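Engineer: Just need the structure, nothing else, for what follows:
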Amino acid sequence: MRPSDAFSHLLIYNLAGTAFSWGDLGHRTTAYLAELYLTDDELRAVQHNTGFDDISDAAVWPDQVSKTPEYSYTASWHYLNVHDDPPSACGIELPRDHQPGSSDILTAFVNHSKIATSKHSSAEQLSEAFRFLLHWVGDSHQPLHAEGFKRGGGEIPVLFEAEPTNLHIVWDVHIPEKLRGQPDQRQAAKDWAKELFNKDTAQLPSVDKTCSDPGHAFECVYGWMQEANQLVCSSVFAKSVYDVDLGGSYYAQAAPVVNHQIARAGKRLALWIKTVLNESLSNDSIVPNEWDQVVLDSPIAA
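Structural biologist: Numbers count the residues shown, from 1 in each chain. A predicted model of the protein is given here:
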């Protein structure tokens, strides 16, 4: 038996929620983990640029404002509609899944990286760009934000610990909350981040050449999204999501994947912050009319 109309009210709520990505717990953990890799000067720069003393508040800001009329145009920036065929075939293909100027996460990441490194950006542009970047790195590691099938799982009603929900929200919220949730969300995120940091035997961030140059922002985020998309076949749909409560054996196999993706996202966020900050100190050549792609309908790209 496939999901029934009994879940229709949840779908109405959650179709707008494709922009949830990791929920607040996942995004806060990603931000706090990145913070542990930053120097004091780098952290102060991020706090100054975002306008938030707690950078986890900056990381969840894009989800919060996307639900307002003023920022509703940003909803599509949180994901990439990949037209593959999970679980039998996963993979992002260009130009099938993205064209220059598409209003999606790839374009948003490129543009906000350029805004964040340009000395011609206004204080408002810079503030929003850094907030969005903190968020996009998290989004790009959530497998169902790199998938178009059933709107990233948002149209697949399921059960999680007897609660009707959808597959997208299971990965965004339910798995992280069951894995690390507690009443004090900020403390839960800080504890999770510290544990991930302490398990990183390398401690010092390492990065390939692609992700050490803001000029290669597209290749960088595209690689992260390809990686996340492969998890749609290998993990998200590795077990049947129908006719079973996903809070049991499905959760047991999915939780380590979520844990690993959050660890990747936090470390990579720190590395990208370092890259952007280093570039912004010397780069005065990028002006708005030279940006390769324009974020559609965005006031910060006017």
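
Engineer: Which SSE is immediately downstream of the helix or strand hosting Gln230?
Structural biologist: Element membership of Gln230, judged by DSSP states H and E, is helix 217-231. The helix or strand immediately downstream of helix 217-231 is helix 249-282, counting by DSSP H and E.

Engineer: Counting by contacts, list what that next one packs against.
Structural biologist: Applying 3 or more C-beta pairs under 8 Å, 6 or more residues apart in numbering; DSSP states H and E, one finds that helix 249-282 contacts helix 23-37, helix 40-50, helix 105-117, helix 123-139, helix 175-180, helix 185-199, helix 217-231. Every C-beta, even on glycine, is put in place using the N, C-alpha and C of the backbone.

Engineer: Give me the helices and strands touching the first one, please.
Structural biologist: Put plainly, it is helix 23-37. With 3+ C-beta pairs under 8 Å, 6+ apart as the test, helix 23-37 has helix 55-66, helix 123-139, helix 175-180, helix 185-199, helix 249-282 packed against it.

Engineer: Render the CA-only coordinates of the third one in PDB, please.
Structural biologist: What that stands for is helix 175-180. Coordinates of each C-alpha in helix 175-180 appear next as PDB, following Å, rounded to 0.1, in the frame of the first residue of the first chain:
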ATOM      1  CA  ILE A 175      16.800  11.800  12.000                       C
ATOM      2  CA  PRO A 176      19.000  14.700  13.400                       C
ATOM      3  CA  GLU A 177      16.600  15.200  16.300                       C
ATOM      4  CA  LYS A 178      16.500  11.600  17.300                       C
ATOM      5  CA  LEU A 179      20.300  11.400  16.900                       C
ATOM      6  CA  ARG A 180      21.200  14.400  18.900                       C
END
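
Engineer: Buried ones in that helix, by neighbour count?
Structural biologist: Neighbour counts using 16 or more other C-beta atoms under 10 Å place 175-180 of helix 175-180 among the buried residues.

Engineer: go on, the longest one?
Structural biologist: Within helix 249-282, the residues that qualify as buried by neighbour count (16+ other C-beta under 10 Å) are 250-251, 254, 257-259, 261-277, 279-280.

Engineer: Over to the fourth one?
Structural biologist: Within helix 185-199, the residues that qualify as buried are 185, 188-190, 192-193, 196-197, counting by 16+ other C-beta under 10 Å.

Engineer: What is that helix packed up against?
Structural biologist: For helix 185-199, where contacts count as 3+ C-beta pairs under 8 Å, 6+ apart, the packed elements are helix 23-37, helix 175-180, helix 249-282.

Engineer: now with 7 Å?
Structural biologist: Based on contacts counted as 3 or more C-beta pairs under 7 Å, 6 or more residues apart in numbering; DSSP states H and E, the elements that helix 185-199 packs against are helix 23-37, helix 249-282.

Engineer: Check the second one too.
Structural biologist: Under the contact criterion of 3+ C-beta pairs under 7 Å, 6+ apart, helix 123-139 touches helix 23-37, helix 40-50, helix 55-66, helix 105-117, helix 249-282.

Engineer: I'd like the next helix or strand past that helix.
Structural biologist: Read in the C-terminal direction, the helix or strand following helix 123-139 is strand 157-160, with elements assigned using DSSP H and E.

Engineer: Quick one: distance of that next one to the chain centre.
Structural biologist: Mean-position distance between strand 157-160 and its chain equals 22 Å (C-alpha atoms, centre = their mean, to the nearest Å).

Engineer: which helices and strands does it pack with?
Structural biologist: Here strand 157-160 is seen to pack against strand 163-166 when contacts are counted using 3+ C-beta pairs under 7 Å, 6+ apart.

Engineer: ok so, going back, the helix holding Gln230 packs against which elements?
Structural biologist: Using 3+ C-beta pairs under 7 Å, 6+ apart, helix 217-231 sits against helix 105-117.
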